[in-house]
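Asker: give the three-dimensional model of this entry:
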Amino acid sequence: MIPAHLDLVVEKPAAGGRMIARHDGQVVLLAAAIPGERVRARVERVSKGVIYATTVEVLDPSSDRRPAAEDWLCGGNVYAHVAYPRQLDIKAAVVADAFTRIARLPLPPPPVTGSPERGYRMRARLHVHRCRIGFYREGTHELCDARGTGQLLPATLDVLDRLAAALRVDRVQEVTSIELSENLAGDERALHLELERPVDLSRVAEQAGPGVTGLSYTGPFSGIPSIVTGSPTVTDRVPVPGGDGAATMTLQRNVRAFFQANRYLLPGLVARVLSLVEAGPVVDLYAGVGLFGVALAASGRAAITAVEGDRIGAQDLKANAAPYASAMTVVHQPVESFVATPAASPDTSLIVDPPRTGMSRKAFDGIARFGASAIVYVSCDVATLARDVRRLVDAGYRLEHLEAFDLFPNTAHVEAVVKLLKQ
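Answerer: Prediction:
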């Protein structure tokens, strides 16, 4: 029988934010620890032969341990007890481990570009319960204060506080969640509310204050969003490397459209992806609002095809690509359908930025037949990335480049970028 408390030596990081230790040879996935520490842990549960536990006392602390956040389980704080340079080392080790175990490509830990830890987040989904607004604690539906996580700008938090106060004053209980999008500068901020049933939000919009440039809502009663005030889009001007040294692209994006969330690392991520794309035609799959495809066009490239299946993202993509109509073709179509009929010339490059689940089997099969000379793959999930890289290697590609960007400091998430070349 496993004791309620265990004394453990922490071995190495695991994907998802926990660390690996062992008890009598059995794997323990341990929260709130750092590799190399000796800790006392409380057993939470045992599932499929794995012990899940949480650190309750640090017996031999790491020199990289720092005071934990007030509520370290609040979304975005799972690594908050770890000094930031060590966080980058841990994430590099997680990436390398995934490529060793899943892709079967033993590699040294890749470089990870760090980010300022506070105010980095431009997009967030917040939850609302009884007029309180916040994130969920890890693994629960318990609401916690977003202010303590440091992810959002102070001005953004002030807006959310005013919004929560307005909901309380007007006794608006129908709001269940909020989609937040703001631009890099933080001077445009759109909110989209999910409602259980229709309600008049005009007074709430007035009380939210000047920090909100757009407020909209939808719910199960209607699939068509209603605009309360302002515009549901925000606009960014993003620097991109150009033929003459630098250029700028303008991107509009709906509050509900997917977009990379870190305001500080976004320009660097774009520049890196562009630097990895080979000369010749480019197909940007899962193009979203055009972050990479439009950046290529703004930098002076041509023969770009951008493919996006989501209706909201595709609408923004068309608007953003319009100034580069001679260089870009926009296709509103699922990736699986687009790649079903291979049409690549031998010098075509692909940019692939799929959702967390990675490429579907149908999408992969089409991409493998597509025959692109080079693939630049951007991923927010190292496990599915490693799986897809293994598939691509088996399909005749070789891994040329791997690095990572810490788009979500203090969390277990890391963005990875790889380049593969056709052999």
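Asker: where does the protein dip in pLDDT?
Answerer: For the chain, residues meeting the criterion pLDDT under 70 lie at 69-70, 243-245, 342-344.
Asker: can you get me a residue count around residue 347?
Answerer: 14 (other C-beta atoms under 10 Å). Bear in mind the C-beta positions are built from the backbone N, C-alpha and C, glycine included.
Asker: residues contacting it?
Answerer: Residues counted as contacts of residue 347 (C-beta atoms under 8 Å, 6 or more residues apart in numbering) are 278-281, 373.
Asker: and what of residue 56?
Answerer: Counted by C-beta under 8 Å, 6+ apart, residue 56 has contacts 5, 39-42.
Asker: phi, psi of the closest residue to residue 189 other than its chain neighbours?
Answerer: Computed as C-beta to C-beta, 6 or more residues apart in numbering, the closest residue to residue 189 that is not its neighbour in sequence is residue 182, at 4.2 Å. Dihedral pair for residue 182: phi -140, psi 160, per degrees, to the nearest 10.
Asker: OK, contacts around residue 417?
Answerer: Counting by C-beta under 8 Å, 6+ apart, residue 417 makes contact with 269, 272-273, 276, 376-379, 401-405.
Asker: how many neighbours does the closest residue to residue 270 other than its chain neighbours have?
Answerer: With C-beta to C-beta, 6+ apart as the criterion, residue 270 has its nearest non-adjacent residue at 5.0 Å, and that residue is residue 295. Close neighbours of residue 295, defined as other C-beta under 10 Å, add up to 28.
Asker: would you map out the domains in this structure?
Answerer: Per the record, the chain has its domains at 1-65, 123-230, 235-422, by automatic domain parsing.
Asker: now for those, which one comes closest to residue 92?
Answerer: Residue 92 lies closest to domain 235-422 among those, at 6.7 Å (C-beta to C-beta).
Asker: from the contacts of residue 347, pick the one nearest residue 308.
Answerer: Nearest to residue 308 among the contacts of residue 347, with distances taken as C-beta to C-beta, is residue 281, at 17.7 Å.
Asker: contacts only, for that closest one.
Answerer: 303-305, 344-345, 347-349.
Asker: might one say that residue 295 is in contact with residue 239?
Answerer: No. The criterion here is C-beta atoms under 8 Å, and residue 295 misses it with residue 239 at 9.5 Å.
Asker: all helices for the chain, in order.
Answerer: Under the criterion DSSP state H, helices of the chain are mapped to 84-101, 154-169, 202-208, 266-276, 293-298, 311-321, 335-338, 361-370, 382-394.
Asker: want to try CSV for the ones you listed, with distance to residue 421 as columns?
Answerer: Shown next, in CSV, are the helices of the chain (distance: least, C-beta to C-beta, whole Å):
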stretch, distance to residue 421
helix 84-101, 17
helix 154-169, 42
helix 202-208, 50
helix 266-276, 10
helix 293-298, 19
helix 311-321, 27
helix 335-338, 21
helix 361-370, 14
helix 382-394, 10
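Asker: which one of these lies closest to residue 125?
Answerer: helix 154-169 (12.4 Å).
Asker: counting contacts, what elements does the closest one pack onto?
Answerer: strand 132-136, strand 175-182, strand 189-195, helix 202-208 (3 or more C-beta pairs under 8 Å, 6 or more residues apart in numbering; DSSP states H and E).
Asker: quick check: which of these is buried the most?
Answerer: strand 189-195 (a mean of 23; mean count of other C-beta atoms under 10 Å).
Asker: sheet partners, orientation included, of that strand?
Answerer: Strand 189-195 has these partner strands in its sheet, going by DSSP bridges: strand 175-182 (antiparallel), strand 214-219 (parallel).
Asker: quick one: closest of these to residue 197.
Answerer: strand 214-219 (6.6 Å).
Asker: can you list contacts of the closest one?
Answerer: 174, 189-198, 201, 204-205, 208, 224-234, 255.
Asker: cool, stretch 33-42 as well?
Answerer: 4-13, 18-19, 21, 28, 30, 53-62, 64-65, 81-82, 86, 90.
Asker: now do the contacts for residue 419.
Answerer: Residues in contact with residue 419 (C-beta under 8 Å, 6+ apart) are 276, 374-377, 399-401.
Asker: buried only: go through these for me.
Answerer: Buried members of those, counted by 16 or more other C-beta atoms under 10 Å: 276, 374-377, 399.
Asker: CSV for these, including distance to residue 319?
Answerer: Output for these, formatted as CSV (distance: C-beta to C-beta, whole Å):
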residue, distance to residue 319
276, 26
374, 28
375, 27
376, 24
377, 26
399, 36
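Asker: okay, and which of these map to strands?
Answerer: Of the buried ones among the contacts of residue 419, the ones assigned to strands by DSSP state E are 374-377, 399.
Asker: specify which member of the residues you listed is nearest to residue 48.
Answerer: Among those, and counting by C-beta to C-beta, the member closest to residue 48 is residue 377, at 30.2 Å.
Asker: for that closest one, list each beta-bridge partner.
Answerer: Beta-bridge partners, per DSSP bridges, of residue 377: residue 352, residue 418.
Asker: follow-up on the earlier one: nearest to residue 366, of the ones in strands among the buried ones among the contacts of residue 419?
Answerer: Of these, the one sitting nearest to residue 366 (C-beta to C-beta) turns out to be residue 375, at 12.7 Å.
Asker: now that closest one: how far from residue 417?
Answerer: 11 Å (C-beta to C-beta, to the nearest Å).
Asker: isn't residue 177 up against residue 125?
Answerer: Yes. Counting by C-beta under 8 Å, residue 125 is a contact partner of residue 177 at 6.2 Å.
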